[in-house]
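1. just coords:
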């Protein structure tokens, strides 16, 4: 498996939207859908998983969470979006409206953590520590719970290259790396998926990425 | 199974982009991906299918074909897009650029029909006959071939409510209805899939749609 530095991850994202002309809307739709598919694989409704909390951060990782929430709702889950610091980005605002009209609550204050699983879509590959403000409190609280946690791209608060340092999500059960895994999760011991099946072959070869997707699947387990 | 009239199909599309605030980009991405998944299911590479021709029409059905082409290329097929009457729509233009940069040829004149399968993404639910101009010729030619045909939403040239009348794709092997099947395919005898898993539950109930998707799947066979 090839692990990306933070710089490589940022450049990859820039190339997808620059040279390869993907729109944020497209990438976010496919990334969020992949996260939702991982949730259904690991925490299926038939096994009693129903209530999913999605913690969304202020950037694009949060946007992936918003899309994931919409698909999970379509798949039959009871979804709550916890979105304390909302983005002003036009598309992210649209994603919120889509959720609200589909009766998925988007809340800015949380009183209960009684969920069957929590999707951590707070920080992604562009995160630079330390964790501050409301998210520090939230992570501390989550770290005291036993509810399963699915992290999007990297467990939030981890250094993108060095992994867990001193704050952030301590215990991540399932990780879905988007595009390719980052250096910081090289020693990750939980269940690890890959998603974001939009990497052009040329870019895959250039970065020596290993993308072991089968047939038409949007996610693949890599450990 | 519930079959939509043309008027219902048009209203459903308007509601998705109006009341439910989906963008065309989102709907097209998921529809095109679903079509690509159907192609991989029915004509897998492992069974010797490799060269796929995608016939794209001037409207949104053609856009679904463009997205399908990108995913099929990512899935390992050798894709050619035949797009004789191109749309001026900004997103459709972007989809073409995405294909070209990923080395998928987008051509406006076709000399050979030697493909393992043809995706018919010419006309969809808003089509009103008769078939005219270049497409009349293309359909006539395709009708003389034996290559498998996968139609997007409805076999092109069919009346959306009455089915095959006098011109259009006579022999469709695989059909993927988007959102819900239209009245015109009620007696369709080929392999029939449903795709476009973005219908809000409220809309599904209002239209009494039957959407038998399993878990996190984006396509489902309905016959």
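-> That came in fine, so what should we check first? Keep in mind it's a predicted model, so treat the numbers as computed, not measured.

2. Any figure for the gap between the residue nearest to the spatial centre of chain A and residue A:215?
-> For chain A, residue A:152 is the residue whose C-alpha lies nearest the centre (C-alpha atoms, centre = their mean; 2.1 Å). Distance of residue A:152 to residue A:215, given as C-beta to C-beta, to the nearest Å: 24 Å. In short, each C-beta sits where N, CA and C put it, glycine included.

3. How about the contacts made by the residue nearest to the centre of chain A?
-> With contacts defined as C-beta atoms under 8 Å, 6 or more residues apart in numbering or on different chains, residue A:152 is in contact with A:31, A:35, A:61, A:64-65, A:68, A:119-121, A:124, A:176, A:178.

4. average model confidence for stretch A:11-25?
-> Averaged over stretch A:11-25, pLDDT sits at 98.

5. got the contact list for that stretch?
-> A:4, A:27, A:60, A:63, A:91, A:125, A:179-180, A:198-200, A:203, A:207, B:23, B:25-26, B:29, B:91, B:94, B:97-98, B:101-102.

6. Could I have the buried ones of these as PyMOL selection syntax?
-> Selection of buried members from the contacts of stretch A:11-25 for PyMOL, criterion 16 or more other C-beta atoms under 10 Å in any protein chain shown:
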select buried, (chain A and resi 4+27+60+63+91+125+179+180+198+199+200+203+207) or (chain B and resi 23+25+26+29+91+94+98+102)
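
7. Now, the contacts of stretch A:11-25 that are in strands?
-> Here DSSP state E is the test, and these give no hits in strands at all.

8. Run through the residues of chain A sitting next to chain B.
-> A:19-23, A:25-26, A:29-30, A:33, A:36-37, A:40-41, A:44, A:71, A:73-75, A:91, A:94, A:97-98, A:101-103, A:197-202, A:215-216 (C-beta under 8 Å from any C-beta of the partner chain).

9. how does it look with 7 Å?
-> Applying C-beta under 7 Å from any C-beta of the partner chain, one finds that chain A approaches chain B through A:19-23, A:25-26, A:29-30, A:36-37, A:40, A:44, A:74-75, A:94, A:97-98, A:101-102, A:197, A:200, A:215-216.

10. Give me the angle between the longest helix along chain A and helix B:24-42.
-> Counting residues, the longest helix in chain A under DSSP state H turns out to be helix A:24-42. Between helix A:24-42 and helix B:24-42, the angle comes out at 50 degrees (axes from the mean of the first three to the mean of the last three C-alpha atoms, to 10 degrees).

11. Give me the buried positions along helix A:24-42.
-> In terms of neighbour count (16+ other C-beta under 10 Å), helix A:24-42 has its buried residues at A:24-40, A:42.

12. Can you name the element that comes right after it?
-> Per DSSP states H and E, helix A:24-42 leads on to strand A:51-56 as the next helix or strand towards the C-terminus.
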